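> any chance you could fold what I've pasted below:
(3 chains)
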Amino acid sequence: MSTTTKTPVVAVETPFRRFVSEFAASKIAMVALAVFVFIALIAIFAPWIAPQNPYDLAVLDIMDGRLEPGAIGGGGYVHWLGTDDQGRDMLSGIMYGLRISLLVGCGSALLACLFGATMGMIAAYAGGKTDSSIMRVVDLQLSFPAILAALMILAFLGKGIMNVVIAIIIVEWAYYARTVRGSALVERNREYMEAARCLALPPRIALFNHLLPNCLPPLIVVGTMQIARAIALEATLSFLGLGVPITEPSLGLLIANGFEYMLSGKYWISFYPGIALLVTIVSINLVGDHLRDVLNPRLKK
Amino acid sequence: MRITTAICALGLMAGAAQAQTMTMTMAVGAPVTSLDPHFHQLSPNNAVAQMVFSRLVGTDAQSRRVPDLAESWTAVAPTIWEFKLRRGVRFHNGSEFTADDVAFTIARVPNVPNSPSSFAGFVRPITRVEVVDSHTIRFHTATPYPLLPLDLSNVYMLDRETHQNATTEQFNAGTMAVGTGPFRVVSHANGDRIVFDRNDNFYGEAPGFARVNYRMITNDSARTAALLAGDVDVIDQVPTADLARLRGDARVSLAEVLGLRIIYLSMDHERTGPSPFITDNDGRPLAQNPMKDIRVRRALSMAIDRNAITSRVMEGSAVPSGQFLPPGVFSHVPGIEAPAFDAEGARRLLAEAGFPNGFRITLHGPNDRYPNDGRIIQAIGQMWARVGVRTAVEAQTWTTFVARAGRQEFSAFLIGWGSNPDGSHPLRNLTSCFSRERGWGNSNRGRYCNEALDNQLITAMQELDESRRERQLIDIQRAVFADQAIIPLHIQTNIWASRRGFVVTPRVDESTIAQSVRPATMR
Amino acid sequence: MQSGFVLVAMSLLVFLGVYAVGDPIEILISPDADQEEKERAIRALGLDLPLWQQYLVFVSRALQGDLGRSFVFNEPAIQLILQRMPATLELAFGSMIIAIIIGLPLGLYAGLKPDTVASKTIMASSILGFSLPTFWVGLMLIMVFAVQLGWLPSTGRGDTAVLFGIPWSFLTPDGLSHILMPAFNLALFKISLVIRLTRAGVRETMLMDYVKFARAKGLSPTRVTFVHVFKNILIPVVTVLGLELGGTIAFSVVTETVFAWPGMGKLIIDSINVLDRPVIVAYLLMIVVMFIVINLIVDIVYTLLDPRVRLETKGT
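Next up is the predicted model:
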C-alpha cells in the first residue's frame, strides 16, 4: 500500500505503526477487537474454565436435561444458562461451541481466501486462456449448490469438524476468486500497473507487491462476510443434519438443536448460543469493517 | 332487485360459513410421492391411497382386519382362499366394481413399470386367480398361506375398464386417480398439496368434510407453527419437543395411540473375529467380537434406562418395550416386560464375560429418520459409559446410514421397524436368517441367525388355525428375546394434533387419512 | 464448448457423488421387500449396469433431450423441475426486489452521511442481517408474525393465478401474503449485502477526483449523487446481485424447507434425501446452464456500466 501513498513518510513512522495508530483511532473498532479477543480467549481456554466437558458423554445425564438457567443439576453445580436436552451445561456448551465455530469459520475463510485470491489474481493478470479456464472452474463451483457439494463431500469423508472446513473451503473459494479478479481487472489497467509492466517487473512482484494491495479492500469486505457466512453455513449444515458430530456441537448445532424447543418455551437452549454467535460475528465484522477503512488508501484524507 | 341482492349476499355468507365448516386442511410430515396405488410402497402413499381407493380387506383404527370391498373371506381348502365381494360398489367414474377388476388388479401389481418398491410381495403367494362369479373370487396358493387376508389389506383395487393402460404419470396428474374410496382427487401439486372432494356415492360411512386440503409440511417446527397459526386444522407426527406446549394449549387437542413401530438396537452377529467398531480400552481391536456373547448383549440391554429415554428424550411419546409388538396385538408375548434398568447387574455380567473394565464401542444411528433418533443414541452412550463401556456416538443421515448398515459395517446401531399386526412379520424380516431363497431376513442387518427358530417359523406360517398359529409365534418370539437377538428400546406413540372443532381418531398404523377426522359436535 | 465441458464435469461428479453417498434402492424400497424384489427394482431403475455404462446411457439419452425419469415419481425429471420452477423464481425475484427496495436507499444514506447515528444504526443492523443463520431467522419470523401476531400465514404457497399459462402466486392477495415472509427471509442476507456494497461504493466514489471535481464545479449534491456516484456504485451492486440471483435460486433450499415452499430447492433436498439421481443431475445441469446465462448477462451489464472494462476487452 505504501506504493500508492503520496504523503511523504516521516522517518520514525513505519506503515505498520501508522496502521495501528489509525486503527486505534476508532473506539468502536477497539471495543469490537477487545470483545473478539475476549471471545477468542474463552474459546482457547474453554477446557480449563468450563464447568463441564460437554463432549464427554460419561459426565452428561439426561435426567439433568432441559434444566432452566440457574438450576442445580446432578453434578451439584449451578447451570447458569440452563442445560440442553442431553443435560449438557449450556455455558460449557457455548464455550466449547465457540471453539468449533471459530475454528471452522476462521480456518475455512482464511484458507479459502488464500486459495481463491491467488486464483483470481492469476486469472486477471494472465488473461486469455488461463483466465477463462479458471473462471470456468469458478462458474462450475458457484453453480454447485453449497448444500449439495457439502453433502457429497461429507458423505465421502464422513461427519467431522475438519471435513466441514474442507467442504466450506471448496464451496467458498470461488467467491474470493471472482471478487479479486473483478477488481484486479480494473486495477491492472491503472497507470501504476502499466508502469510496472513497462519496467518489466517479474509477474510475481507485479502481482503480489503491486496488484494485491490494491485489491485488498474488496477482499477484506468479502473476507469478513465470508467468515460470518462460513459460521452460518456450518450452522445450516448442522440444521440439515450434515455438519459437526452431534456429540460435539458447535454454536450452530446448539441453536439448531434448541430450536425445536422454542415453541414450547424452553428458549435458553437456542437463545444463548444464538447470542454468542451474534456477538462473535458482529465483533468480527466491526473489526473487519474498520480494517477496510484503514487499509483503503483512497479513503485517506 | 335490491332484495335479490340481499338474498344473494345472505346466501353467499351462509355458503361461505358452511364451506368453512366443511373444508378441512391437514398437514403431514412425510411427502406423498405418487398417487398410483401400486407404484411405490411407502406409508404416505398408502395413506392417500386409503382415501381414494379401497381394498378387499380393510383395517380399522386398531389395525384389525375388517371387511371392505370383500364382505367375507374363508379358506375353503388349505390352499384356496375365497372372497365374497360387496355388491353395488361403483368407481368415481361410475364404472362398477366386480371380481374381474380384482383379477385385473392382482395382475397389474407386479407389473408397474419403473417401480422402485413394488407391491408384488403381497400377491406373490397367489399362484392362480379364479373368478367364480361376478362377486366371488378365489386365490390359489402353493402352500397353506394364512397371511393372505393381511397381505391383501395392502392392495388397492383398480378398475379394468378405466385403468387398463393407465400410467403412473396419469395417476399423479389426477386423471387416473379414480377409485372406490371416500374421496376423489381434485388436484395434485407434487410435494406440496393434494385437494380432495367427498365422494358422495361412497358405500361406507360418509366423510365429515366436503373438501380436504392435504398439505405436506416436512419441517417439524413449521408444521406445529402452521397449526398454532390456524393455517391447518390437523397435523400428524407432532414433534415431541412441542408436546408439552400443545398439551397446555386449550385451542389444540391431541389424539394418541400406541403404534406398531419398535425402536431397537441391532448388533453385529455376523463376525466372530474383531468387530469394526469395538476395541479394548486402549483402542486395539478385540480378537473376539464380544457381541457374540449373550452376557454382553444382555448387559448392554440392562444398562439402558428405558424409562429415562421415554420420559426425558421422548417426552412420554413412547412406551418401553422388551419385544416387537405392543399388548393387545395378535401374537404379543405375555410376560416379556421391558428389561429393568440394572447398572450393577450389567457390570457384573460384563465382568463374567471377561470385561471387568468394559471395552470401547461406537454406536451408530440415523439423525433424521425417527423421532429424536440422534438424542436416543447419545442418551444410550451416556448409560453405557456408566457401566464401563466407553461409547462414542455417531449419527448420520439416513441415506448414508442405511447403506452402511445394510453392508454390515457397524458393530451396534439404532434402527426402527413398523410391524404388521402379526408376529411373523418382524420375525421373518428382522431376526430370521438372511436367506435369498426364502426371502427372509431382509432387514436383518445384524445378521442374527438361528436355523431351529426359522424352521418353527415355517411351520407357523402355514398354520391356518389362528390360535394355534399365535401360540407358535409367541414361542418363537420368546426364544428370540431370550437370546437377545436385538435390544428392543421402545414402541412409539402415534400422535396427531387438531384445532378446536376437529376430532381425530388416532390410528395404530400411523396413516394420516381424512376419514379419521370428524367435525366436533356443535354445542 | 467450455460450458459444455462444465456440464459434462458436473454430471460426472453427480454420478460419482450419488454413487458414493448410498444406494437409492436401500432408501426407496420397502424394508420388508425380499432380495428378489430388490433385484427387480435395481433392474427396473437401470442400476444393475456398471456405473460407466449407466453414465453412457444417461449421456446418449441426454443428447436427445431426455434427462431421465425420476426414480421416485416416475415422471421425466425435467418436467418435475419445470413444474416447481415458477414458485422458486417468484420467491427469488421477490427477495431481490425487497433487497433493492430496502438496501439501496439505506446504503446510499449511510454512505453519504456516514457519521450520523442513523447511519451507524443502519450499518449495525446490516451486520445482524448476515450474522444470523437463515433457518433461524425463518423460524423466528414464523414464530412472531404467524404464531404470535397472526398477521401472515405461516407456511406454504397461496392461491395462484395463471399468467402466460403458468400459475403464479404473486398475482393474488392470498399468494402475496404467503410469499412475503419467505421472500423477506431469503432477502435478509442480500439486504445487508446491498447496504454494505452501496455504502462502500459511495464512500469510495465520493473521494474520487472526478466527484471532487464535479462538486468543485458547483454541481448540486443531488446531481453529483445520482449521476456521478450512483452510476459508479452500480457496478459492484449489479455484479453481486446478479451472482446472488443464481445463488438465490439454487440455494433457496433452506428457506423453502422452513416455509414448506414448493419450489425447486425443496425438490432437490427431497431428492437428495432419497438419492433420486435423475432429478439431482437434471436439476444441477439446469442450474449450471442458468449460471452461465446469468454470468453472461452480468458481464454484459458490467461492460456497459464500466467503459474501462469494455476498452480492455476490445484491446485483447
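
> hey, let's count contacts and neighbours off CA atoms from now on
OK.

> can you list the buried residues in whatever helix or strand residue C:20 lives in?
Take DSSP states H and E as the rule and residue C:20 turns out to sit in helix C:2-21. By neighbour count on 16 or more other CA atoms under 10 Å in any protein chain shown, the buried set for helix C:2-21 is C:6, C:7, C:10, C:11, C:14, C:15, C:17, C:18, C:21.

> convert the C-alpha atoms of that helix to CSV, please.
Taking Å, rounded to 0.1, in the frame of the first residue of the first chain, the C-alpha atoms of helix C:2-21 are listed here in CSV:
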residue,chain,number,x,y,z
GLN,C,2,-16.2,-24.6,-22.3
SER,C,3,-19.8,-24.6,-21.0
GLY,C,4,-20.2,-28.0,-22.5
PHE,C,5,-17.2,-29.2,-20.5
VAL,C,6,-18.7,-27.7,-17.3
LEU,C,7,-21.9,-29.7,-18.0
VAL,C,8,-20.1,-32.9,-18.5
ALA,C,9,-17.9,-32.4,-15.5
MET,C,10,-20.9,-31.6,-13.4
SER,C,11,-22.9,-34.6,-14.5
LEU,C,12,-19.9,-36.9,-13.9
LEU,C,13,-19.4,-35.5,-10.4
VAL,C,14,-23.0,-36.0,-9.5
PHE,C,15,-23.0,-39.6,-10.8
LEU,C,16,-19.9,-40.4,-8.7
GLY,C,17,-21.2,-38.4,-5.8
VAL,C,18,-24.6,-40.1,-5.6
TYR,C,19,-22.9,-43.4,-6.1
ALA,C,20,-20.6,-42.7,-3.2
VAL,C,21,-23.3,-41.5,-0.9
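
> which residues sit against the helix or strand following that helix?
Moving toward the C-terminus from helix C:2-21, the next helix or strand (DSSP H and E) is helix C:24-28. Residues outside helix C:24-28 that contact it (CA atoms under 8 Å, 6 or more residues apart in numbering or on different chains) are B:116-117, B:399, B:402-403, B:406, C:38, C:41-42, C:72, C:274-276.

> equivalent analysis for stretch B:420-437, please.
Taking CA under 8 Å, 6+ apart as the rule, stretch B:420-437 contacts B:63-64, B:260, B:324-325, B:329-332, B:417, B:419, B:440-445, B:447-451, B:453-454, B:457, B:461, B:473-474, B:477, B:480, B:485-486, C:32, C:34-36.

> try stretch C:43-60
B:113, B:114, B:115, B:116, C:12, C:15, C:42, C:67, C:68, C:71.

> buried ones in that stretch?
Counting neighbours by 16+ other CA under 10 Å, stretch C:43-60 gives C:44, C:45, C:47, C:55, C:58, C:59 as buried.

> with stretch A:121-129 instead?
Neighbour-count burial for stretch A:121-129 [16+ other CA under 10 Å]: A:121, A:122, A:123, A:124, A:125, A:127.

> among the buried residues of helix C:2-21, which are in reach of chain B?
residue C:21 (CA under 8 Å from any CA of the partner chain).

> re earlier: keep only those of the contacts of stretch C:43-60 that are in helices.
C:12, C:15, C:42 (DSSP state H).

> looking at the residues you listed, which is nearest residue B:369?
residue C:42 (23.1 Å; CA to CA).

> take the buried residues of helix C:2-21 and lay them out in CSV including pLDDT.
Below are these laid out as CSV (pLDDT from 0 to 100):
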residue, pLDDT
C:6, 69
C:7, 74
C:10, 73
C:11, 77
C:14, 74
C:15, 78
C:17, 74
C:18, 73
C:21, 70
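
> in CSV: the buried residues of helix C:2-21, plus distance to residue B:104.
Putting the buried residues of helix C:2-21 into CSV (distance: CA to CA, whole Å) gives the following:
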residue, distance to residue B:104
C:6, 49
C:7, 45
C:10, 44
C:11, 41
C:14, 40
C:15, 38
C:17, 41
C:18, 37
C:21, 39
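
> now, which of the buried residues of helix C:2-21 sits nearest chain B?
residue C:21 (5.8 Å; CA to the nearest CA).

> not counting its neighbours along the chain, what's nearest residue B:178?
Spatial nearest neighbour of residue B:178, excluding adjacent residues (CA to CA, 6 or more residues apart in numbering or on different chains): residue B:92 at 5.6 Å.

> would you mind listing what in the stretch 351-500 of chain B touches chain A?
Counting by CA under 8 Å from any CA, the stretch 351-500 of chain B sits next to chain A at B:367-368, B:374-375, B:378-379, B:381-383, B:385-386, B:391, B:393-397, B:400.

> any idea which helix or strand in the chain has the lowest mean pLDDT?
If you meant another chain, say so; for now it's chain A. One helix or strand of chain A scores below all others by mean pLDDT, DSSP states H and E: helix A:146-157, with a mean of 67.

> let's do chain C instead
Result, chain C / mean pLDDT, DSSP H and E: helix C:307-315, a mean of 50.

> residue A:118 and residue A:179 touch, don't they?
No: assessed by CA atoms under 8 Å, residue A:118 is found out of contact with residue A:179, at 11.2 Å.

> looking at these two, which is more packed in?
residue A:179 (23 against 19; other CA atoms under 10 Å in any protein chain shown).

> my read: the more buried one touches residue A:120, true?
Yes: using CA under 8 Å, residue A:179 is in contact with residue A:120, at 7.4 Å.

> what is the neighbour count of the closest residue to residue B:470 other than its chain neighbours?
Among residues not flanking residue B:470 along the chain, residue B:331 sits closest, at 5.1 Å (CA to CA, 6+ apart). When neighbours are defined as other CA under 10 Å, residue B:331 has 24 of them.

> just the ones in strands from the buried residues of stretch A:121-129, please.
Of the buried residues of stretch A:121-129, none are assigned to strands by DSSP state E.

> so which residues of chain A form strands?
A:71-72, A:78-79.

> where does the prediction get shaky in the chain?
Using chain A here. The model of chain A has pLDDT under 70 over residues A:1-15, A:143-148, A:151-152, A:155-158, A:217, A:221, A:225, A:240-241, A:295-301.

> to clarify, I was referring to chain C.
Those would be C:1-3, C:6, C:130-131, C:158-161, C:165, C:224, C:227-228, C:250-251, C:302, C:305-316, if you go by pLDDT under 70 across chain C.
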